[in-house]
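Participant: I would like to see how this sequence folds:
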Amino acid sequence: MTNQELLNKLYELGKLPSDRDSASDDFPFDEFDKLLQQFTTPVTEEEAIKLINLSPPVDTGCYGVEWTLLHLIETVGINRLRYVLDNAEDGEIKWLIHARLESYNKNKE
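Facilitator: Numbers count the residues shown, from 1 in each chain. As a prediction, the model looks like this:
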């Protein structure tokens, strides 16, 4: 399956719900995670933006699946993450990547 086909399947499943939301009871987390693991890396900027937009809401988690998503997005490369963040919707993963990028830049100085 191509990355675009995998993205289409993820979008059919929908955004990751908050683990505090009752919608998470019926969300197919295993299927979502298995699709993430099938991506060819590194992902492109456009793919990374679409992946970030599947993030759970800010200040929420999603039973750890958000970390698999985050690590996949980071394969786009450190030099492209700022562009990706500038073009993505708000969500927990965008916040996490922003914080990690800030930390990286501080430690680089």
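
Participant: drop to CA atoms for contacts and neighbour counts, all remaining ones
Facilitator: Will do.

Participant: Any idea which helix or strand in the chain has the lowest mean pLDDT?
Facilitator: helix 92-108 (a mean of 89; mean pLDDT, DSSP states H and E).

Participant: List the buried residues in that one.
Facilitator: By 16 or more other Cα atoms under 10 Å, the buried positions in helix 92-108 come out as E92, I93, K94, W95, L96, I97.

Participant: Redo those residues as CSV? Include distance to E47.
Facilitator: Listed next are these as CSV, based on distance: Cα to Cα, whole Å:
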residue, distance to E47
E92, 17
I93, 14
K94, 14
W95, 18
L96, 18
I97, 15
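
Participant: so which two of those are the farthest from each other?
Facilitator: Within the buried residues of helix 92-108, E92 and I97 form the most distant pair, 8.7 Å apart (Cα to Cα).

Participant: Give me the contact list for the least confident helix or strand of the chain.
Facilitator: 52, 55-61, 66, 69-70, 74, 78, 85, 88 (Cα atoms under 8 Å, 6 or more residues apart in numbering).

Participant: Just those: which are in helices?
Facilitator: When DSSP state H defines the helices, the subset of the contacts of helix 92-108 inside them is I52, E66, L69, L70, L85.

Participant: so where's the protein shaky on pLDDT?
Facilitator: 109 (pLDDT under 70).

Participant: can you rerun that using 50?
Facilitator: Across the chain, nothing is flagged by pLDDT under 50.

Participant: Can you measure across stretch 76-85, start residue to end residue?
Facilitator: 11 Å (Cα to Cα, to the nearest Å).

Participant: Check which residues of it are buried.
Facilitator: Buried residues in stretch 76-85 (16+ other Cα under 10 Å): V76, L81, V84, L85.
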